[in-house]
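Asker: sequence and predicted structure are below.
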Amino acid sequence: MRDRVFTVNRPSALHDTKTAYDAVAPLYAELFSDVLDSLPMERALLAAFAELVQAHDAGPVADIGCGPGHVTAHVHALGPTTFGIDLSSEMVALARRAHPELRFDEGSMTDLDLADGTLGGVLALYSVIHTPPARLPAVFAEFQRVLAPGGHLLLGFFAGDDPLPQEFDHKVALAYRWSPDALADLLRRAGFAEVARLLREPREGERFQQAHLLMRKP
Ligand SMILES: C[S@@+](CC[C@H](N)C(=O)[O-])C[C@H]1O[C@@H](n2cnc3c(N)ncnc32)[C@H](O)[C@@H]1O
């Protein structure tokens, strides 16, 4: 299983993820659009992220893998101009309908249609979990490319204890859990510096610890 995580060639991973999220987009929006109301620690971290981005004033925030756009709208309301990007056209359509005043684009984190050094912040909340581990360095290089120096990245994911990423039976599409140390190492190798991290115990109905890494492009 461990070898498989690193060696399997899954050219269809993006297509499979897009198709899976297109199929569940309305249900996902119904279940999660209000989730921040009951997550005080995540709200606190998003407030800190928004404050740091605004203080640096280096450009807008892209919420990459934004789903139905609830976090995009939340961060935008905190101050920084924020727009969303998602692989799933159905998610983008729902996000546009729910937040017509905001910008949402279809696109993939593996090949962002954004100029170098133009973003003050990148949010990637539970979206890199679907990227096969061997392809994550290229995604983090892409985040580095689009961020301005001093820009911040907030990454959310399901945590695991194993030093190697572990596949798990995510309800929508194949996904991976990461140890916060391993993912922080990978981000450091991509050029990011760690600012802070949050590890939260699972709430009722959740299976895993939830982790956030707040990183900065030097
Ligand atoms: C678990 S949902 C998270 C949505 C939202 N960020 C949240 O926290 O509720 C994962 C989202 O990431 C998107 N996604 C997965 N792979 C992506 C990629 N390569 N590029 C852009 N979006 C992607 C999916 O379409 C889906 O909307």
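Answerer: Good, I have the coordinates.
Asker: can you check the pLDDT for residue 117?
Answerer: We have a pLDDT of 98 for residue 117.
Asker: leaving out the residues flanking it, which one is nearest to it?
Answerer: Distance criterion CB to CB, 6 or more residues apart in numbering; nearest residue to residue 117, sequence neighbours excluded, is residue 148 at 4.7 Å. For every residue, glycine as well, the C-beta is placed using N, CA and C.
Asker: mind checking the SS state of the one you found?
Answerer: strand (DSSP: H, G, I helix; E, B strand; the rest coil).
Asker: that one and the ligand, how far apart?
Answerer: 21 Å (CB to the nearest ligand atom, to the nearest Å).
Asker: I'd say that residue and residue 119 touch.
Answerer: Yes - using CB atoms under 8 Å, residue 148 makes contact with residue 119 at a distance of 6.4 Å.
Asker: who's more crowded, the two?
Answerer: More neighbours surround residue 119 than the other of residue 148 and residue 119, with 26 against 16 (other CB atoms under 10 Å).
Asker: grab the nearest non-local neighbour of residue 180.
Answerer: Nearest to residue 180 is residue 211, by CB to CB, 6+ apart, at 4.7 Å.
Asker: report how many residues lie close to the one you found.
Answerer: 21.
Asker: and it, what helix or strand is that in?
Answerer: In this assignment (DSSP states H and E), residue 211 forms part of strand 210-216.
Asker: near the ligand, anything from that strand?
Answerer: No - counting by CB under 6 Å from any ligand atom, the ligand is not contacted by strand 210-216; separation bottoms out at 10.5 Å.
Asker: in its sheet, what does that strand sit against?
Answerer: According to DSSP bridges, strand 210-216 forms sheet pairs with strand 147-158 (antiparallel), strand 193-200 (antiparallel).
Asker: against the ligand, how distant is the most centrally placed residue in the chain?
Answerer: Against the mean C-alpha coordinate of the chain, by CA atoms, centre = their mean, the closest residue is residue 124 at 1.7 Å. Noted for residue 124: a distance of 8 Å to the ligand, by CB to the nearest ligand atom.
Asker: on that earlier part again, JSON lines please, covering the strands paired with strand 210-216 and showing distance to residue 106 and mean pLDDT.
Answerer: Converted to JSON lines, the strands paired with strand 210-216 look like this (distance: least, CB to CB, whole Å; pLDDT from 0 to 100):
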{"stretch": "strand 147-158", "distance to residue 106": "21", "mean pLDDT": "98"}
{"stretch": "strand 193-200", "distance to residue 106": "30", "mean pLDDT": "98"}
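Asker: that older thread, where do the contact lists of residue 148 and residue 119 overlap?
Answerer: Any residue near both residue 148 and residue 119 by CB atoms under 8 Å, 6 or more residues apart in numbering counts here, and that gives 58-59.
Asker: how about the strands paired with strand 210-216 in TSV, adding distance to residue 33?
Answerer: Shown next, in TSV, are those (distance: least, CB to CB, whole Å):
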stretch	distance to residue 33
strand 147-158	16
strand 193-200	20
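Asker: pick the most buried one from those strands.
Answerer: strand 147-158 (a mean of 22; mean count of other CB atoms under 10 Å).
Asker: perfect, I'm done here.
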